[in-house]
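[1] requesting a structural model of the entry that follows:
(one chain, ligands or ions: 2)
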Amino acid sequence: MTDSRIHDEARQGEAFAPLILPGNGYKKHFYIESYGCAMNFADSEVVASILQNNGYGATKNCEEADLILVNTCSIREKAEATVRKRLTEFRKLKKANPGILVGVLGCMAERLKEKFLQEEKLVDLVVGPDAYRSLPGLIEEAETGQKAVNVLLSREETYADIAPVRLNSNGVNAFVSIMRGCNNMCSFCVVPFTRGRERSRDAVSIVGECRQLFENGFREVTLLGQNVDSYNWMPSASPEIGGVDKQAVDFAGLLEMVALISPLLRVRFSTSHPKDITDDVLFTIAKYYNICNYIHLPVQSGSSRVLQLMNRTYSREWYIAKVNRIREIIPDCGLSTDMITGFCTETEEDHAQSLSLMEYCRYDLAYMYFYSERPGTLAARRFKDDIPETVKKRRLQEMVDLHRIHSLQSMQRDIGKTCKVLVEGFSKKTEDDLHGRNDQNKVVVFPRGNYKKGDYVTVKIESCTAGTLIGKPVDGPAHDNGK
Ligand code: SAM
Ligand code: SF4
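    Ligands and ions are numbered 1, 2, ... in the order given. Below is the predicted model:
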């Protein structure tokens, strides 16, 4: 199932491939497994496109693959450990069939570079996130028995002209990458080192990809970037771009261009940075019926002192003012966050401030982590990782417990309301029910009736669990939030 959550635990290690039909013309097959954030899953679709154009068909079965690829994540130590463990499992396959090539892609490849080849002997290819175009050449090199590495980062690469091959798609929602890299230097974060400088993708190609998706039956796109609010694309020539000719396109402009493709195409985006999200963006969300009322606005900590050490460039007060502004301009806006516990020097008082900020914001969804020092980051160089793991984990548990209360309350508040649901497929439990998401990204389950995937259905919510709203279809518009 394609999911619009940005870091989805359920999708970690997902092998994605369309069904291989017998005699589909490919002599060789690749198998790709992806870890980490949605950006990595979107990158795997670019890789699939490059490989398919070079004679490799995708397979979901690693045992029939000639090429095994693992698209990796470095964000926390645990993410890297998961990949290392998985590689040991591929060792058996390679022993049985030494002709198989094993490649490591993505952030871990970028972070470890050639070192990867020394540390993991079975790896034949190491390819960083900006070097996927060179994959066919690298594969050829590896086929001759040499190890092949390309971890060059680029200031320009956006893969704008590559039409991603939608793998494991439900045919309803798709991720569309709008920019790459990150220029923020949050002190805990490895992304600026593994994904390079920020660059925005050509707006014309983004709109083209979204339009194509819509014409192919997709009904929701999620625009992806590490910091979408700093999207800024300057046309070099003078292409016609949806009425915005020859001017730089900022994120509000891009949102509008995508929203105008069709009122039946829902638009989501992630991730927003509190320092960069503008009133313009908020007014654009409020203006368009099909831009979802949902913002993922990671705060990381509720303590201004810790935020400063994290180099987030905003304070607790600034963040609260942003949340107030969001609620003023978009009443009913769904709000989610990322939180880190146990960052360097974090005191019990700092932690209490994180909890009180969560009390204030009452997030619908929160991704919570304990701090994991990453080699080479500003924090690793400047500060001591001085909070014992037991303390980090205890604080994390307190945070998770608090958030559980907030998310349940958020679900309960929707009982009695009606909402518009975009159907994504059958519910997990029974084909008698369908599941989809409402505007605020909450999962809604309701009796199937004559509805099908891709339909918009107005549903009246009657009950809920911690993660699901349960309701019945009703006639008429979903008027609780005007969308
Ligand atoms: N660009 C996004 C932003 O600025 O919020 C998110 C980037 S990161 C892929 C996703 C989340 O992982 C971060 O928001 C942060 O909460 C978490 N994260 C990043 N580095 C981490 C670290 N060293 N230890 C624990 N969590 C970390
Ligand atoms: Fe990492 Fe900060 Fe960039 Fe997000 S904004 S990717 S947390 S450096």
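[2] in the stretch 151-300 of the chain, which spans are helices?
    191-195, 203-215, 251-259, 279-287 (DSSP state H, counting those that start in this stretch).
[3] out of these, which is the most enclosed?
    Mean neighbour count (mean count of other C-beta atoms under 10 Å) peaks for helix 251-259 among the helices of the stretch 151-300 of the chain, with a mean of 23. The C-beta positions use only the backbone N, C-alpha and C, and glycine is treated the same way.
[4] ligand 2 contacts on the stretch 51-200 of the chain?
    Residues of the stretch 51-200 of the chain lying close to ligand 2 by C-beta under 6 Å from any ligand atom are 182, 184, 186, 189, 191-192.
[5] now, which of those residues sits nearest ligand 1?
    Distance to ligand 1 across these (C-beta to the nearest ligand atom) is lowest for residue 189, with 4.5 Å.
[6] now do the contacts for the closest one.
    Taking C-beta atoms under 8 Å, 6 or more residues apart in numbering, we find residue 189 in contact with 75, 182, 374, 377.
[7] export the residues you listed to TSV and tack on secondary structure, neighbour count and distance to ligand 1?
    Listed next are these as TSV, based on DSSP: H, G, I helix; E, B strand; the rest coil; neighbours: other C-beta atoms under 10 Å; distance: C-beta to the nearest ligand atom, whole Å:
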residue	secondary structure	neighbour count	distance to ligand 1
75	coil	22	5
182	coil	22	6
374	coil	21	5
377	coil	19	7
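[8] farthest-separated two in these?
    Spatial extent of the contacts of residue 189 (C-beta to C-beta) is set by the pair 182 and 374 at 13.9 Å.
[9] re earlier: of all the helices of the stretch 151-300 of the chain, which one is nearest ligand 1?
    Nearest of the helices of the stretch 151-300 of the chain (C-beta to the nearest ligand atom): helix 191-195, 5.8 Å.
[10] show me the shaky parts of this protein.
    1-10, 13, 15-24, 237-246, 476-483 (pLDDT under 70).
[11] quick check: longest helix in it by residues?
    helix 389-413 (DSSP state H).
[12] pretty sure residue 79 contacts residue 34?
    No: checked against C-beta atoms under 8 Å, the pair residue 79 and residue 34 is beyond contact range at 11.6 Å.
[13] who has more neighbours out of these two?
    Using other C-beta atoms under 10 Å, the more surrounded residue of residue 79 and residue 34 is residue 34, with 28 against 19.
[14] what's opposite the more buried one in the beta bridge?
    The partner list for residue 34 in beta bridges (DSSP bridges) reads residue 14, residue 71.
[15] any idea how far ligand 2 is from it?
    Distance, residue 34 to ligand 2, using C-beta to the nearest ligand atom, to the nearest Å: 18 Å.
[16] what sits against residue 449?
    residue 473.
[17] leaving out chain neighbours, which residue sits closest to residue 64?
    In this structure, residue 64 finds its nearest non-sequential neighbour in residue 29, 6.0 Å apart by C-beta to C-beta, 6 or more residues apart in numbering.
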